[in-house]
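In: Structure for this input, please:
(one chain, ligands or ions: 1)
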Amino acid sequence: MLAKKFTIPKMACGNCFNVIKNALTKINGVNGITCDLNSRTVSVDFDETLTSDAAVSDKLSKIGFPPEING
Ligand SMILES: [Cu+2]
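Out: Residues are numbered from 1 along each chain as shown. Predicted coordinates:
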């Protein structure tokens, strides 16, 4: 299991996070998503044998919240 943090500059409130969470939970292999609105970061736990940070990034971009990966 991997945990990656994504900085999402456009994530401004809880509604943004709900949209993000709903989209990411549909990715097979994503197990947990937490957010820190103050730093505009989302931490995603996923099984790296089923998905990848690239797939998460792609999904975020598609729903209008392009991320910056910071490790
Ligand atoms: Cu919002």
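In: Please state the backbone phi and psi of the residue with the largest distance to the centre of the chain?
Out: Largest separation from the mean C-alpha position in the chain: Thr49, at 17.2 Å (Cα atoms, centre = their mean). Main-chain dihedrals, Thr49, degrees, to the nearest 10: phi -80, psi -10.
In: From Met1, how far out is it?
Out: 10 Å (Cβ to Cβ, to the nearest Å). (C-beta placed from N, C-alpha, C; glycine too.)
In: Asp58 now?
Out: 20 Å.
In: Tell me which of those two has more neighbours.
Out: Shown here are Asp58 and Met1; by other Cβ atoms under 10 Å, Asp58 has more neighbours (14 against 10).
In: In three-state terms, label the more buried one for me.
Out: Assigned state for Asp58: helix (three-state reduction, DSSP: H, G, I helix; E, B strand; the rest coil).
In: Quick check, Asp45 in contact with Ala3.
Out: Yes: look at Asp45 against Ala3 with Cβ atoms under 8 Å: they come within range, at 4.9 Å.
In: where does this structure have low pLDDT?
Out: 69-71 (pLDDT under 70).
In: Nearest spatial neighbour of Ile63, chain-adjacent residues omitted?
Out: Leaving aside its chain neighbours, Ile63 sits nearest to Ala23 (4.9 Å; criterion: Cβ to Cβ, 6 or more residues apart in numbering).
In: and that neighbour, how many residues sit next to it?
Out: With other Cβ under 10 Å as criterion, Ala23 counts 18.
In: and what of Gly29?
Out: Around Gly29 there are 16 other residues, counting by other Cβ under 10 Å.
In: Please apply the same query to Pro66.
Out: Residues near Pro66, counting by other Cβ under 10 Å, number 14.
In: got it, and Val44?
Out: With other Cβ under 10 Å as criterion, Val44 counts 25.
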